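Trainee: Okay, here's the prediction I keep looking at, along with the sequence it came from:
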Amino acid sequence: MANKPQWDLIAEAFVNHYYSVFDTDRSQLATLYRDVSMLTFEGTACMGASAITQKLVSLPFQKVRHHVVTCDAQPVLPESLNGVLVFVNGDLTVDDGAQAIKFAQVFHLLPDRNSPGLFWVYNDLFRLNYG
């Protein structure tokens, strides 16, 4: 079996961490965003760590569970930035609902220059897939 590219390892680690935090305490996601970060959630855009966290915390459910089905990643040019583009498809269960909802999410990650090995979200796009 061939070794995975570095960007795949970064994407997998980030996605596992992100959804683990989201599913337990959304307010703790603020550390993954910066003032220049942007989230577009179901067509509504907000910018900055505070506004993004406020949006995520205000979502109308108490319990949530993400199940990642696919996670694809690519390096982002210029390579000097060492950014990673991540595309996630999965299932979302809220408030112990019987039916999971399909979702898709894209993250544009950039390395934290002050904490080597850590990444933050520059862009975040989220959509539910009703069908």
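Mentor: All right, it came through fine. Numbers count the residues shown, from 1 in each chain.
Trainee: switch to C-alpha atoms for all contacts and neighbour counts from now on
Mentor: Will do.
Trainee: Just the strands from this structure, written as ranges.
Mentor: Secondary structure of the chain by DSSP state E: the strands cover 33-41, 44-47, 64-76, 83-94, 101-111, 119-129.
Trainee: Quick one: closest of these to Pro5.
Mentor: With respect to Pro5, and counting by CA to CA, the nearest of these is strand 64-76 at 9.2 Å.
Trainee: returning to what we had before: which of the strands of the chain sits closest to Asn16?
Mentor: For these, proximity to Asn16 was assessed by CA to CA; strand 64-76 is nearest, at 8.6 Å.
Trainee: tell me the mean pLDDT for that closest one?
Mentor: Strand 64-76 shows a mean pLDDT of 95.
Trainee: helices and strands around it, which ones?
Mentor: Counting contacts by 3 or more CA pairs under 8 Å, 6 or more residues apart in numbering; DSSP states H and E, the secondary-structure elements packed against strand 64-76 are helix 6-24, strand 83-94.
Trainee: can you do 10 Å?
Mentor: The contact analysis (3 or more CA pairs under 10 Å, 6 or more residues apart in numbering; DSSP states H and E) places strand 64-76 against helix 6-24, strand 83-94, strand 101-111.
Trainee: do you know which of these lies nearest Cys71?
Mentor: Ranked by CA to CA, the member of these that lies closest to Cys71 is strand 83-94, at 4.6 Å.
Trainee: for Cys46, which residues make a bridge with it?
Mentor: Beta-bridge pairing of Cys46 under DSSP bridges involves Leu39.
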